[in-house]
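In: Got a predicted model here, sequence first, then my questions.
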There are 2 protein chains.
Amino acid sequence: MTQAQRFLNLNVGLNTTGYVGPAWRQRRGSRHDIADPQYYLRLARLAHKGRFAATFFSDMPLLRPDAATRPLHTIDPLMLQTWLAGQVPDIGFVATMSSTYNSPFNLARRTLAADVLSGGRFIINVVANFVPEVAANFGDDPLPPREVRYPRAGEFLDVVKKLWLSWDPARAGAVPEGQFWDPAAEVIEADHKGRYFSVKGALNVPVSPQVHPVIAQAGGSDLGIDLAARHGEVIYCNILSRGAGEAFRAKVNARALAHGRDPAGIRLAPGLVAIIGDTRAEALRKHEIFTGAGSEDALIAQFAREHGQDPRDFNADVPLNWEDFVPAQDRVLAVGFTQGLVELLRHEKLTAREAVRRSAGNHRLVLGTAEEVADQIIDLWADGTVDAYTYQPPRAPDDIEEFVEKVVPILQDRGVYRRDYVPGETIRERYGLARPATGAHQPEPVAAA
Amino acid sequence: MTQAQRFLNLNVGLNTTGYVGPAWRQRRGSRHDIADPQYYLRLARLAHKGRFAATFFSDMPLLRPDAATRPLHTIDPLMLQTWLAGQVPDIGFVATMSSTYNSPFNLARRTLAADVLSGGRFIINVVANFVPEVAANFGDDPLPPREVRYPRAGEFLDVVKKLWLSWDPARAGAVPEGQFWDPAAEVIEADHKGRYFSVKGALNVPVSPQVHPVIAQAGGSDLGIDLAARHGEVIYCNILSRGAGEAFRAKVNARALAHGRDPAGIRLAPGLVAIIGDTRAEALRKHEIFTGAGSEDALIAQFAREHGQDPRDFNADVPLNWEDFVPAQDRVLAVGFTQGLVELLRHEKLTAREAVRRSAGNHRLVLGTAEEVADQIIDLWADGTVDAYTYQPPRAPDDIEEFVEKVVPILQDRGVYRRDYVPGETIRERYGLARPATGAHQPEPVAAA
């Protein structure tokens, strides 16, 4: 049955010049691309050609005046992808937004607007923010500690969901004679009074073709995983191996059950960096160049320094102990990133020389020929370790083009990847996620784009 | 010289079913239109065909569950028009947004994003909100009093402007060797510390093709006019006659000068409702039907009730005294709306029977054949009483279609109205407004859509 065919969903990250900072030196294009709408339109059309499930933008409400790298976050991802949605069909959109620096009403309204406008193609990646400098753009208060940000984010999403579900015209049967609508039947106010938020509602945007956006979650700390287990439908995480993936899923699933939630409604879509060469040796060489290291020795020295070791007396060829890399749960910066490496080392004995080739920007790195890259992608997906991947190209547009040209046809030939989109499919359907219940009186088509 | 040709700019209001509430009973279309993106796309294309300067959406972050009328504010206007901008060329977009319930950083970022994405076609109508129920969607605090909202809105726009101007890549000459960009030259942090806001900046969206969105202002109270004089470039106001318009402009200009601002940078674009008939009598009849009154007597009774008089002993045929209609400046609801009537009566002796035919929804009403409507529109524009109009159709799509079909060709034949858009023109250029200074190092094309 065609309908039961399970396809690999790949999202594709489209932030500015690509995911690996120093790789901008190897990319084609102008420095003005990073804020040029036409550049992103070209990338989105390329992503559509590559039959990606969705485009993905990480975000931070901050411009770091850092001359050593390129800006990674410019045009607001919700705005940019709403504009793209009017011009590129089928593909979904993942927009990262802050729960710390938005009000629930505004975020609920704008995201549901995007979902209505796109015909049900939005995933909202709600982040609690972890960079202290962000706070100064929103007043005099410092960034709240993780112990406040995450419970607050949990309640934030409770309110947002109530608002998203608050107006469903389909709850009304026939509208009473002489009335335009039937608010008594259609509208259920949020009426939320909690620890962090008080919001009356209702929202003045009705439910979308997929009821409301899919919720993605990306926090990797214990509190982040707890939030993911409570609200996340798509989890953007750092999974560097099968063992690590199995452990991560077990943890998320247990937490979901503890929250009374069915883990069947959760999809793991970790980040993945691919570097393709005509030979594996060429791919290794490109890895050294894209990262700015220049050689394997320099990659290893970078690794040592990042983990507080002196590169001069660092032995790259002895197995590493995972205990040496455990991040403090109370550290200010994101815990999830380093956690990926810990989980890798916990389940596999690796030397530093081996470990440096297993991740880029804290995400799983796959290196080799297009065939080898396709094999490695399929490997963890085929047995359900992961449900999807968020492909992060080292360079944009170059590595997206190469991936679409060389890897996608292999995935298609193996029968694991769509050759065409299903017309009218929402991103919720593409991810096989259940439609949220609205208590609708009768099925009725609403606002399809 | 073609370049010096001064054209009448008309914006067109596209909120849900049209501007006159009860007129939805006379419109074609489905009740689901009000949240259907394709409906708004059709309206925007119609507006483009009619060569309107810009589409206009008023807004309120509130759903009133009021069965007696239709919702007027649904999909967020900034989101909706950003989506439209990807599909409809040339036309500008006026998005209403709240300064009370947005943070300056988020509003600055999203609006500049919209402006970049549209190629410089956005006008931001910043409102301080006047409806108390809105507050309950944003916490436990009541709506701040006007004496706080307006000074706060003034500082809000100070910060927003600093943020809009904070990143201009053109300030850099050649980027230093080995660097992607030159933040030291490109970026000027907002570094704002004021009474209401503390915002560091910079914004992570660079300047748009028109530098930043045009600022519209709509408040009609004394404090609202003061805000308009300080920040407004396009003023959406209630001007019902020549005398009232002259008085309004004199007031705004005096205030602008008091703020050290050149009034030449201010455009008055008041609201205008047009009702067209094959004869004037037919137009009068349509007016009675659209408003739900049903007859001239009922229109007069409505007028009496709205102004706290008993319709049974109300004489519709004696001149009215403007002093009887002056709104208290401390009243909770919008002052500007009623002020329009006061100013009308102040400059013209009118009976209630005459006055009811001069405004609809508090805006100037023009009634008659298409020729008569065109004459009345041109009348106050030709001598510069007003600079533009914001046409509010009683019904959408019906009255927009009729206006485009019947009135626009007359305006074009009179030589006062564009037959085509100027390719690539920004909305700032269309309104003849000066480009904000950025201190750019050298002219350089940035992010043109």
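Out: Nice, thanks for sending it over.

In: Helices along the stretch 151-300 of chain A, start to end?
Out: A:183-186, A:222-231, A:242-258, A:280-290, A:296-306 (DSSP state H, counting those that start in this stretch).

In: So which elements touch the lowest-mean-pLDDT helix or strand in chain A?
Out: None of the helices or strands of chain A scores lower by mean pLDDT, DSSP states H and E than helix A:336-347, at a mean of 87. With contacts taken as 3 or more Cβ pairs under 8 Å, 6 or more residues apart in numbering or on different chains; DSSP states H and E, helix A:336-347 sits against helix A:242-258, helix A:352-355, strand A:359-360. Glycine gets a C-beta too; all of them are placed from N, C-alpha and C.

In: As a check, name the ranges of all strands in the stretch 101-250 of chain A.
Out: A:122-127, A:192-193, A:198-199, A:214-217, A:234-235 (DSSP state E, counting those that start in this stretch).

In: Report the spatially closest residue to the residue nearest in space to the middle of chain A, excluding sequence-adjacent ones.
Out: Nearest to the centroid of the C-alpha atoms of chain A, with distances taken as Cα atoms, centre = their mean, sits A:Tyr236, at 4.5 Å. Distances taken as Cβ to Cβ, 6 or more residues apart in numbering or on different chains place A:Ala218 nearest to A:Tyr236, at 4.3 Å, with adjacent residues excluded.

In: give the contact list for the one you found.
Out: If a contact means Cβ atoms under 8 Å, 6 or more residues apart in numbering or on different chains, then A:Ala218 has A:Thr96, A:Asn125, A:Val127, A:Gly224, A:Ala228, A:Ile235, A:Tyr236, A:Cys237, A:Gly336 as its contacts.

In: How many neighbouring residues does the nearest residue to A:Ala108 once chain neighbours are set aside have?
Out: Spatial nearest neighbour of A:Ala108, chain neighbours left out: A:Leu163 (3.8 Å); criterion: Cβ to Cβ, 6+ apart. A:Leu163 sits with 29 neighbouring residues when counted by other Cβ atoms under 10 Å in any protein chain shown.

In: Tell me the spacing between A:Leu163 and A:Asp36.
Out: From A:Leu163 across to A:Asp36, the span is 34 Å (Cβ to Cβ, to the nearest Å).

In: can you list the residues of the stretch 151-300 of chain A near chain B?
Out: Within the stretch 151-300 of chain A, the positions lying close to chain B (Cβ under 8 Å from any Cβ of the partner chain) are A:166-167, A:169, A:175-176, A:179-184, A:187, A:189, A:197-206.

In: got the CA coordinates for stretch A:27-38 in PDB?
Out: Output of stretch A:27-38 as PDB, limited to C-alpha atoms (Å, rounded to 0.1, in the frame of the first residue of the first chain):
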ATOM      1  CA  ARG A  27      31.300  29.200  -0.600                       C
ATOM      2  CA  ARG A  28      30.100  30.800  -3.700                       C
ATOM      3  CA  GLY A  29      28.000  34.000  -3.500                       C
ATOM      4  CA  SER A  30      28.000  37.500  -2.100                       C
ATOM      5  CA  ARG A  31      28.200  38.600   1.500                       C
ATOM      6  CA  HIS A  32      24.900  40.400   0.900                       C
ATOM      7  CA  ASP A  33      23.200  37.000   0.400                       C
ATOM      8  CA  ILE A  34      22.600  36.700   4.200                       C
ATOM      9  CA  ALA A  35      19.900  39.300   4.100                       C
ATOM     10  CA  ASP A  36      18.700  39.000   0.500                       C
ATOM     11  CA  PRO A  37      15.200  37.500   0.200                       C
ATOM     12  CA  GLN A  38      16.000  36.300  -3.300                       C
END
